[in-house]
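Novice: for reference, the sequence and a predicted model appear below.
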Amino acid sequence: MDMKLEVVVVPVSDVDKAKDFYQGLGWRLDADFAKSEDFRVVQLTPPGSQCSIIFGTGITSAAPGSADGLQLTVTDIDAARAELIGHGVEVSEVFHDAGGVFHHAGTEGRASGPAPDHKSYGSFVSFSDPDGNGWFVQEITTRLPGR
């Protein structure tokens, strides 16, 4: 049976501020339903993604800003960084894992610049939303077989 990741819940403190932030990145607004003051669901989807994010009021007990390691993928890390900056986002410099595997938590193990030869899966930038939910953007130029 195929199982596809459809939605990731992102805990936020201010729904409208988060909605403005993600729409400001060019993400598509799919839904904004408020059933009461205690329950509101906002869903947005990054361009080209089949997975969306949801945040709102009354949908998670997670602390605002506690999501860490959310990951987006792109084919050109430098263009993605420039686009994020163009949207007013504070974004890290391009980096790669010093050990050549995958980024570590926080900033540990980061080596400046893209992966050698822009090796697919190896280059990253990071940014946070207004609550501090942490995002990584990973460059994938050639997918591994079966992916």
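Specialist: Thanks, I have it. Numbers count the residues shown, from 1 in each chain.
Novice: pretty sure Ala31 contacts Gln43?
Specialist: Yes - between Ala31 and Gln43 a contact is recorded at 4.2 Å, counting by Cβ atoms under 8 Å. Every C-beta, even on glycine, is put in place using the N, C-alpha and C of the backbone.
Novice: more neighbours: these two, which one.
Specialist: Neighbour count, other Cβ atoms under 10 Å: between Ala31 and Gln43, Gln43 has more, with 17 against 12.
Novice: for the more buried one, give me phi and psi.
Specialist: phi -120, psi 130 (degrees, to the nearest 10).
Novice: so it touches Ile59, yeah?
Specialist: No - the criterion here is Cβ under 8 Å, and Gln43 misses it with Ile59 at 10.5 Å.
Novice: how far off centre is the biggest strand by length in the chain?
Specialist: Criterion DSSP state E: the longest strand present in the chain is strand 28-36. Taking the mean of its C-alpha atoms, strand 28-36 sits 20 Å from the chain's own mean (Cα atoms, centre = their mean, to the nearest Å).
Novice: next one: stretch 19-30
Specialist: That offset, for stretch 19-30, works out to 12 Å (Cα atoms, centre = their mean).
Novice: for the record, mean pLDDT for it?
Specialist: Average pLDDT, stretch 19-30: 98.
Novice: got it, and stretch 58-69?
Specialist: 96.
Novice: now that stretch - C-alpha only, CSV.
Specialist: What follows is stretch 58-69, C-alpha atoms only, in CSV (Å, rounded to 0.1, in the frame of the first residue of the first chain):
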residue,chain,number,x,y,z
GLY,A,58,-6.8,24.2,18.6
ILE,A,59,-5.1,21.8,16.3
THR,A,60,-1.9,20.9,18.2
SER,A,61,-0.6,20.9,21.7
ALA,A,62,3.0,21.4,20.5
ALA,A,63,4.6,24.6,21.6
PRO,A,64,4.8,27.4,19.0
GLY,A,65,8.2,27.3,17.3
SER,A,66,9.0,23.8,18.4
ALA,A,67,9.1,22.2,14.9
ASP,A,68,12.7,21.7,13.9
GLY,A,69,14.2,20.1,10.8
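Novice: count of residues packed around Leu25?
Specialist: Leu25: 19 neighbours (other Cβ under 10 Å).
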